[in-house]
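Peer 1: Give me the fold of what follows.
(2 chains)
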Number of protein chains: 2
Amino acid sequence: MEEKNLKYFADAENCPVRNVIDRIGDKWSMLVLLLLEEAQVMRFSEIHKAIETISQKMLTVTLKALEADGLVDRTVYPQIPPKVEYKLTERGLSLLPHLHSLVKWAKENMVDIQESRKQFAS
Amino acid sequence: MEEKNLKYFADAENCPVRNVIDRIGDKWSMLVLLLLEEAQVMRFSEIHKAIETISQKMLTVTLKALEADGLVDRTVYPQIPPKVEYKLTERGLSLLPHLHSLVKWAKENMVDIQESRKQFAS
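Peer 2: Modelled structure (predicted):
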């Protein structure tokens, strides 16, 4: 392995792989994207209810990061109480097939992985 | 969207999607897998040097989880000082194409994403 390639990974600031995996290589981001694809449009409270184990603060941070990356659209309806809805952008939609390919692999390998974990723990 | 599907995601314990994304949807795991594919065999210190920003403790935890999942093989050579090497298993190798598809998307969209972030921040 060339030193050059190692350095490519090490440079977190400028490496596109690191840069993007720092964001989408995050379980909450992935889950929010998968949920929004399925539901198409969701309010904050609906996403929170669906993921359950995420804290309100972490969901806020996650949605803000996804919005900043142009993966999720946030629409505020000026009514009382204000209604805020989230949906995927075109860019967000273009990422989904890659997440699905991961999920498919996960489903196919889950039984074996759980078996390995049991053996490792014993 | 059916309530059933929402519940599917919410059940972190039994949902295979959640279960596996909790593990591989982690930037350190992804980076270690990508590095090991490129280098084929690496010692702990080499992985640490390549990623740089990961703490020794977090790298230990990450490698142990990957080993437990049967994605990475750990070989200890009984010599002084002991030599420990890591490499991908067949299962680990089967996951790589899916990570590459994510990385490819990341590279293609990086410029646009960085532009979006700038606009979002201003």
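
Peer 1: Wait, A:Leu96 touches A:Glu37, no?
Peer 2: Yes - with contact defined as Cβ atoms under 8 Å, A:Leu96 and A:Glu37 form a contacting pair (5.2 Å). Quick note: C-beta positions are derived from backbone N, CA and C, even for glycine.

Peer 1: what residue ranges in chain A are flagged as low confidence?
Peer 2: Flagging of chain A using pLDDT under 70 yields the residue ranges A:1-17, A:20-22, A:24-25.

Peer 1: Break down it into its helices, ranges please.
Peer 2: Taking DSSP state H as the criterion, chain A contains helices spanning A:3-10, A:16-24, A:27-39, A:44-51, A:56-68, A:90-121.

Peer 1: I'd like these as JSON lines, with distance to chain B and mean neighbour count appended.
Peer 2: Rendered in JSON lines, the data for the helices of chain A read as follows (distance: least, Cβ to the nearest Cβ, whole Å; neighbours: other Cβ atoms under 10 Å in any protein chain shown):
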{"stretch": "helix A:3-10", "distance to chain B": "4", "mean neighbour count": "14"}
{"stretch": "helix A:16-24", "distance to chain B": "3", "mean neighbour count": "20"}
{"stretch": "helix A:27-39", "distance to chain B": "4", "mean neighbour count": "21"}
{"stretch": "helix A:44-51", "distance to chain B": "4", "mean neighbour count": "17"}
{"stretch": "helix A:56-68", "distance to chain B": "4", "mean neighbour count": "16"}
{"stretch": "helix A:90-121", "distance to chain B": "3", "mean neighbour count": "15"}
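
Peer 1: Would you convert those into TSV that also reports distance to B:Arg117?
Peer 2: Supplementary listing: the helices of chain A in TSV, determined by distance: least, Cβ to Cβ, whole Å:
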stretch	distance to B:Arg117
helix A:3-10	21
helix A:16-24	10
helix A:27-39	14
helix A:44-51	22
helix A:56-68	5
helix A:90-121	12
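
Peer 1: partners of A:Glu85 in the sheet?
Peer 2: When bridges are taken as DSSP bridges, the partners of A:Glu85 come out as A:Arg43, A:Thr75.

Peer 1: residues contacting it?
Peer 2: The contact partners of A:Glu85, taken as Cβ atoms under 8 Å, 6 or more residues apart in numbering or on different chains, are A:41-43, A:74-75, A:77.

Peer 1: Which ChimeraX command selects the buried ones in those?
Peer 2: This is the ChimeraX syntax for the buried subset of the contacts of A:Glu85, where burial follows 16 or more other Cβ atoms under 10 Å in any protein chain shown:
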select /A:42
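
Peer 1: residues contacting the residue nearest to A:Ile113 when sequence neighbours are not counted?
Peer 2: In this structure, A:Ile113 finds its nearest non-sequential neighbour in B:Asp69, 5.0 Å apart by Cβ to Cβ, 6 or more residues apart in numbering or on different chains. For B:Asp69, the contacting residues are A:113, A:116-117, B:23, B:91, by Cβ under 8 Å, 6+ apart.

Peer 1: Export those as TSV, with columns for distance to B:Trp105.
Peer 2: As requested, those are exported to TSV (distance: Cβ to Cβ, whole Å):
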residue	distance to B:Trp105
A:Ile113	24
A:Ser116	29
A:Arg117	29
B:Arg23	21
B:Arg91	23
